[in-house]
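Undergrad: need a structure here:
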Amino acid sequence: MILPKHTIVSNSLVKETINDSQFQPCGVDLTLKEAHEFTDAGKIDFDNKERKLSGTKKIEFDANGEVKLAQGCYKVIYNEYVEIPDHSAALAFTRSSLLRCGASIECAVWDPGYHGRSESLLIVHNKHGLVLKKNAKIVQLIFVKLEEKAKELYSGQYKGENR
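TA: Alright, predicted model coming up:
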């Protein structure tokens with residue numbers, strides 16, 4: 001079951017929104033706070049003992065509040081702070097307007113117990129690039145109710161990120 005707008009709002013599952021227009025009938029639009037370009041390679045292993053996240057460099061917004069992105073991939077950070085309750089998980093989907101501009105967002109599952117200002121991967125497929133305004137709506141986050149409360153909650157290194 002997907003949680004409706006009134007449940008998301010009344011339980012304050014998403015904080016620090018820009019305005020109420022972000023709340024949709026079955027989710028909430030997350031907006032662009034920052035875009036970063038990757039500066040080096042990362043490394044992923046089985047037990048995270050050798051994990052190394054790729055370095056990034058923040059791309060500054062110009063005087064018009066825009067970032068101009070060439071074809072490629074970028075890390076994005078959202079304005080909103082998300083809190084996933086113990087009875088739900090969350091999934092994000094690229095907004096259709098972003099898809100129609102030739103770009104998409106890739107992200108992981110938001111597990112029960114996670115809270116933070118999340119990051120995702122923006123892929124600009126369009127060979128002509130993409131211009132994004134600060135606070136652009138880029139994904140819709142939906143909350144999916146679990147069959148029962150999770151017995152274990154997220155406790156990974158990204159909990160509380162980008163506070």
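
Undergrad: need the contact list for the nearest residue to Tyr158 once chain neighbours are set aside.
TA: Spatial nearest neighbour of Tyr158, chain neighbours left out: Gly116 (6.1 Å); criterion: C-beta to C-beta, 6 or more residues apart in numbering. C-beta here means a position set from N, CA and C on the backbone, and glycine is covered the same way. Contacts here follow C-beta atoms under 8 Å, 6 or more residues apart in numbering; on that basis Gly116 touches Tyr81, Val82, Tyr158, Lys159, Gly160, Glu161, Asn162, Arg163.

Undergrad: Show the pLDDT at the last one.
TA: Model confidence at Arg163, expressed as pLDDT, equals 86.

Undergrad: So which of the contacts of Gly116 is the closest to Glu60?
TA: Proximity of the contacts of Gly116 to Glu60, judged by C-beta to C-beta, is greatest for Asn162, which lies at 17.4 Å.

Undergrad: Phi, psi for that closest one please.
TA: Dihedral angles of Asn162 (phi, psi; degrees, to the nearest 10) stand at phi 50, psi 40.

Undergrad: neighbours around it, how many?
TA: Applying other C-beta atoms under 10 Å, we find 13 residues neighbouring Asn162.

Undergrad: State the distance from the nearest residue to it once chain neighbours are set aside to Lys15.
TA: Nearest-residue entry for Asn162: Arg117, 3.6 Å, with adjacent residues in sequence omitted and distances by C-beta to C-beta, 6+ apart. Relative to Lys15, Arg117 is positioned 9 Å away (C-beta to C-beta, to the nearest Å).

Undergrad: packing partners for the top strand by length along the chain?
TA: Longest strand in the chain, counting residues (DSSP state E): strand 27-38. In terms of contacts (3 or more C-beta pairs under 8 Å, 6 or more residues apart in numbering; DSSP states H and E), strand 27-38 is packed against helix 5-10, strand 56-59, strand 72-78, strand 130-133, strand 137-145.

Undergrad: Now render those as TSV, adding mean pLDDT, distance to Ser88 and mean neighbour count.
TA: Compiled in TSV, the helices and strands packed on strand 27-38 are given as follows (pLDDT from 0 to 100; distance: least, C-beta to C-beta, whole Å; neighbours: other C-beta atoms under 10 Å):
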stretch	mean pLDDT	distance to Ser88	mean neighbour count
helix 5-10	97	9	14
strand 56-59	99	29	14
strand 72-78	99	18	19
strand 130-133	99	29	18
strand 137-145	98	5	20
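
Undergrad: want to throw these into TSV with distance to Gly65?
TA: Shown next, in TSV, are the helices and strands packed on strand 27-38 (distance: least, C-beta to C-beta, whole Å):
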stretch	distance to Gly65
helix 5-10	27
strand 56-59	13
strand 72-78	15
strand 130-133	6
strand 137-145	14
